[in-house]
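Generate a structure from the sequence data that follows.
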Amino acid sequence: MGSTKKIGLIGRLDPECELFDGQTVKTRMMYRLLCELYGEENVVVVETKDYRHNAPRVVAQTVRCLLTCRDVFVSLSRNGRKAFFPLLSFAARHLHTRVYHNLIGGWLAQDLEECPQQVSYLNDFRVNWVESHQLVGKLEELGVGNAEFLPNFKYLDGTEVPESRYYGPGYRFCTFSRVQELKGIGDAMDTVEKLCSEGLDCCLDVYGPIDPSYKEEFETALSRCVHAEYKGCVAPEKSVQAIASYDALLFPTKWKPEGIPGTIIDALAAGVPVIAAKWQYYDEMLEDGVTGFGYGFGNNELLADEIKKFIELGNGANELRKGCLARAVAYSPEAVSDVVAAAVDGERLRD
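Residues are numbered from 1 along each chain as shown. Below you'll find the model as predicted:
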């Protein structure tokens with residue numbers, strides 16, 4: 001790997017660190033990995049944050065990236081894909097740019113059904129890395145011939161997590177995601193409040209950026225739910241440290257396009273069992289009775305029963321804790337770096 005080789009990265013890094021959403025965090029993680037593999041000075045970034053309002057800058061960065069980099073990594077949202085994919089397809093065909101698409105989210109198959117011309121763009125790329133084995137199969141059925149599995153991964157803060165701890169009354173639960181209706185935050189708050197009214201000793205802390213459209217409703221819910229508290233945002237590298245002190249993570253998502261959430265990786269790495277709605281890729285990350293408990297998607301009224309099941313375990317929850325820690329290994333940077341390096345350096349060796 002010579003120092004003159006440049007690696008491009010197109011995506012939203014948000015250098016001011018104002019954003020904590022899954023897209024931004026995933027792009028930052030890939031940036032860090034590429035810097036470790038090839039040197040920070042050799043990674044050429046196209047910052048796509050607010051790209052529509054910063055078109056001259058983004059165009060200039062993109063032109064520089066495509067003219068100086070043979071290998072370009074891309075992490076874009078649904079709208080970003082529509083804006084950049086035609087250009088990247090052109091670069092792959094005519095400039096021989098090697099495009100490595102690292103998919104954001106889990107809804108690409110549905111997008112292709114609505115916009116089938118994107119299949120040709122994807123097939124022009126070297127690889128389309130997706131977070132789900134199921135999605136690889138769906139994309140193949142739709143004509144994408146280069147989809148491969150690459151797990152979502154996170155750099156964490158190295159917090160020491162013991163394999164066992166005490167579980168008892170005074171249960172502390174948390175949510176760790178965007179604070180919006182589709183993440184089921186209000187349902188989690190109402191559920192904990194209901195359990196407290198039944199005599200169970202528990203509370204809920206809510207972490208994450210508040211969606212502006214949900215702010216008023218959320219503040220109303222906080223005033224109603226006296227056993228819930230908002231704790232603000234936590235830097236992605238500190239997420240395990242924040243989650244580790246809780247008994248369980250609640251994940252009552254109602255968002256159908258849910259992919260492989262970084263917050264679940266955080267919980268696994270912290271050894272914190274997950275009580276979740278079974279979204280489309282639940283079974284690829286979690287296992288009932290091993291990493292926590294799940295219930296049918298769209299049935300958040302069942303969340304209370306699963307929390308009670310968890311509480312009934314007492315210190316038996318340490319078995320779930322061990323299951324989480326074992327599962328977390330699959331989502332570490334070490335699980336991904338060899339795949340990324342082999343893809344890039346293998347292409348270079350064939351030149």
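
Now do the strands in the stretch 201-350 of the chain.
Per DSSP state E, counting those that start in this stretch, the stretch 201-350 of the chain has strands spanning 202-207, 228-232, 248-251, 274-278, 292-296. These are given in chain order.

scratch that, the stretch 51-200 of the chain
Counting by DSSP E, counting those that start in this stretch, residue ranges of the strands within the stretch 51-200 of the chain are 71-75, 98-102, 127-130, 147-149, 171-176.

Could you list the paired strands of the last one along with their orientation?
In this case it means strand 171-176. Pairing partners of strand 171-176, with direction, according to DSSP bridges: strand 202-207 (parallel), strand 248-251 (parallel).

Buried ones in that strand, by neighbour count?
171, 173, 174, 175, 176 (16 or more other Cβ atoms under 10 Å). The C-beta positions use only the backbone N, C-alpha and C, and glycine is treated the same way.

now, which of those sits nearest residue 33?
Nearest to residue 33, judged by Cβ to Cβ, of the buried residues of strand 171-176 is residue 176 at 22.4 Å.

Look up the residues forming beta bridges with that closest one.
In this structure, residue 176 has beta-bridge partners residue 207, where bridges are defined by DSSP bridges.

wait, what's in contact with it?
Contact partners of residue 176, counting by Cβ atoms under 8 Å, 6 or more residues apart in numbering, are 207, 208, 234, 239, 242, 243, 249, 263, 266, 267.

Local confidence estimate at residue 236?
In this prediction, residue 236 carries a pLDDT score of 84.

got a pLDDT number for the residue nearest to it when sequence neighbours are not counted?
Nearest-residue entry for residue 236: residue 25, 4.7 Å, with adjacent residues in sequence omitted and distances by Cβ to Cβ, 6 or more residues apart in numbering. Among the per-residue scores, residue 25 holds a pLDDT of 90.

same deal with residue 330?
With respect to pLDDT, residue 330 has a value of 94.

who touches it in this structure?
If you count contacts by Cβ under 8 Å, 6+ apart, residue 330 has them with residue 151.

swap in residue 30?
Residue 30 makes contact with 9, 11, 73, 75, 102 under the criterion Cβ under 8 Å, 6+ apart.

tell me, how many neighbours does the residue nearest to residue 236 end up with?
22 (other Cβ atoms under 10 Å).

Helix, strand, or coil at it?
helix (DSSP: H, G, I helix; E, B strand; the rest coil).

I'd assumed residue 261 was in contact with it.
No. In terms of Cβ atoms under 8 Å, residue 25 does not count as a neighbour of residue 261; the distance is 10.3 Å.

Show me the helices in this protein, by range?
The residue ranges that make up the helices of the chain, judged by DSSP state H, are 22-38, 55-68, 78-94, 108-114, 118-124, 133-141, 185-197, 215-224, 239-243, 262-270, 282-285, 303-313, 317-328, 334-350.

Out of these, flag the one nearest residue 256.
The nearest among the helices of the chain, by Cβ to Cβ, is helix 108-114 at 8.9 Å.

So for residue 32, what's the nearest residue that isn't a sequence neighbour?
Once its chain neighbours are removed from consideration, residue 32 has its nearest residue in residue 155; the separation is 5.8 Å (Cβ to Cβ, 6+ apart).

just residue 169 next, same as before
Sequence neighbours aside, residue 201 is the residue nearest to residue 169 in space, at 4.3 Å (criterion: Cβ to Cβ, 6+ apart).

Just the pLDDT at the one you found, thanks.
Residue-level confidence at residue 201 comes out at 97, pLDDT.

What of residue 2?
43.

Could you do residue 351 as well?
50.

what does residue 347 give?
Here the pLDDT value assigned to residue 347 is 57.

now, which of the contacts of residue 30 sits nearest residue 48?
When those are compared for distance to residue 48, the smallest value, 5.9 Å, is given by residue 11; criterion: Cβ to Cβ.

count of neighbours near that closest one?
Look at residue 11: counted by other Cβ under 10 Å, it has 26 neighbours.
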